[in-house]
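> What follows is a predicted structure for the sequence shown.
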Amino acid sequence: MNRLPKHVHDFVDVGGVRVFYRAAGPVDAPPVLLLHGFPSGSHQYRRLMDALGDRFRLIAPDYPGFGFTEAPEGFRYTFEALTDVVDGFVAALGLQRFVLYAFDFGGPVGLRLAARHPERIAGLVLQNANAYEEGLSDLARATIAADEVGELFTEPVTRGQYEGGVPDPRLVDPAGWTLDQHFLDRPGRVRAQTELALDYRGNVAQYPRWQRYLREHRPPALIVWGANDAFFTAAGARAYLRDLPGAGLHLLDTGHFALEDRLPEIAALVEDFLIHRSLFTS
């Protein structure tokens, strides 16, 4: 009988930010850092941790402004600041080399981190984590350019990000978007998310720098992409191949939160990548 990996959760203090994280798997196994997207948190990776945590050390933090992480009053929510906290978190856990799994907001956080410390990256798994202009849909461009966030943090929008583009929404567990909305509705979270939404255009300005990192360092990479994503299109997934011609590319018939309904397929692809293509042993 298969045994699920042991899950733990804990907090680490990083410069006054009390970072919550989940972990699964043997502490001496190859580490994988799982960076979540908007408006989610580390809980989005629970099922992936069940699938892969018997062989790998899987670690998923919540950013400031998300999930259970607690940031001090006056924390300035920018993507650079989120990267600083994740950088400190990685140092606090003593992670010297790891595979980085980046989804959505995990793209701008993770690629900043990788560009700072290319020697730490044993491989990249990129799931709807855009880094190319052509990967931005018209909706994404309009949202990024807007000076107001409108109804971005309401329940219909949160739910729509999970169910949009999914052939069978019955496969999407409502617990995911319900928990996300719970955290969005907590005191101070709208301010945090508004600051990040208005800062997002700075990520687009960073695209050439991240592309240069990819081109110069050529980390092994797996690209798994919900091709029906309303924000980050399949063109953005294909664009990675210009700078990472050896990457594996898999476009899936689903939406933004592809792990929700395509977990078995994605987990198998990630496991194969971690075993055969990443650079844990180099």
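Arrived safely. Numbers count the residues shown, from 1 in each chain.
> Skipping adjacent residues, who's closest to Tyr63 in space?
The shortest distance from Tyr63 to any non-neighbouring residue, by Cβ to Cβ, 6 or more residues apart in numbering, is to Leu82 (4.9 Å). Where you see a C-beta, it was placed from the backbone N, CA and C, and this is true even at glycine.
> Can you say which helix or strand has the one you found in it?
Here Leu82 sits within helix 79-92, counting by DSSP states H and E.
> ok, and what's touching that helix?
12-15, 17, 19, 21, 33, 35, 61, 63-65, 75, 98, 105, 108-109, 112-113, 116-117, 120, 196, 199-200, 202-203 (Cβ atoms under 8 Å, 6 or more residues apart in numbering).
> could you flag which of the residues you listed are buried?
Among those, those classed as buried by 16 or more other Cβ atoms under 10 Å are 12, 14, 17, 19, 21, 33, 35, 61, 63-65, 75, 98, 105, 108-109, 112-113, 120, 196, 199-200, 203.
> what's Gly165 in contact with, if anything?
Counted by Cβ under 8 Å, 6+ apart, Gly165 has contacts 226-230, 254-256.
> Show me the helices in the stretch 51-200 of the chain, by range?
79-92, 106-116, 138-145, 155-163, 174-184, 189-199 (DSSP state H, counting those that start in this stretch).
> roughly how far apart are Asn128 and Tyr63?
Using Cβ to Cβ, to the nearest Å, we find Asn128 at a distance of 17 Å from Tyr63.
> Below-threshold pLDDT in this protein: ranges please.
Within the chain, the stretches with pLDDT under 70 are 1-5, 281-282.
> Show the residue spans covered by the strands in it.
All strands of the chain, identified by DSSP state E, fall at 7-14, 17-24, 31-35, 57-61, 98-103, 121-127, 221-226, 248-252.
> on that earlier part again, deepest of the helices of the stretch 51-200 of the chain, which one?
Greatest average neighbour count among the helices of the stretch 51-200 of the chain goes to helix 106-116 (a mean of 23), per mean count of other Cβ atoms under 10 Å.
> what comes into contact with that one?
33-37, 63, 79-80, 82-83, 86-87, 90, 100, 102, 120-121, 124, 126, 129-131, 200, 203, 206, 209-210, 213, 219.
> Relative to the whole chain's centre, how far out is that helix?
10 Å (Cα atoms, centre = their mean, to the nearest Å).
> which non-adjacent residue is nearest Asp10?
Tyr21 (6.4 Å).
> so that neighbour touches Asp13, yeah?
No: contact criterion Cβ atoms under 8 Å: Tyr21 and Asp13 do not qualify, at 11.9 Å.
> my read: Leu249 touches Ala237, true?
Yes: using Cβ under 8 Å, Leu249 makes contact with Ala237 at a distance of 6.2 Å.
> joint contacts of the two?
With Cβ under 8 Å, 6+ apart as the test, Leu249 and Ala237 both reach 223, 225.
> who are the neighbours in contact with the residue nearest to Thr194 when sequence neighbours are not counted?
Leaving aside its sequence neighbours, Thr194 sits nearest to Val149 (Cβ to Cβ, 6+ apart; 5.3 Å). Residues counted as contacts of Val149 (Cβ under 8 Å, 6+ apart) are 193-194, 197-198.
> still on that earlier bit, most neighbours, which of the contacts of Gly165?
Gly226 (28 neighbours; other Cβ atoms under 10 Å).
> That one and Gln44, how far apart?
Gly226 is 13 Å from Gln44, by Cβ to Cβ.
> Give me the common contacts of those two.
Phe257.
> ok, Tyr45 to Phe103 distance?
In this view, Tyr45 and Phe103 are 9 Å apart by Cβ to Cβ.
> try Val8
In terms of Cβ to Cβ, Val8 sits 22 Å off from Phe103.
> Which residue of the two possesses the greater neighbour count?
Neighbours per residue (other Cβ under 10 Å) separate Val8 from Phe103, with Phe103 holding more: 26 against 11.
> show me what contacts that one?
When contacts are counted by Cβ under 8 Å, 6+ apart, Phe103 touches 35-37, 44, 127-129, 259.
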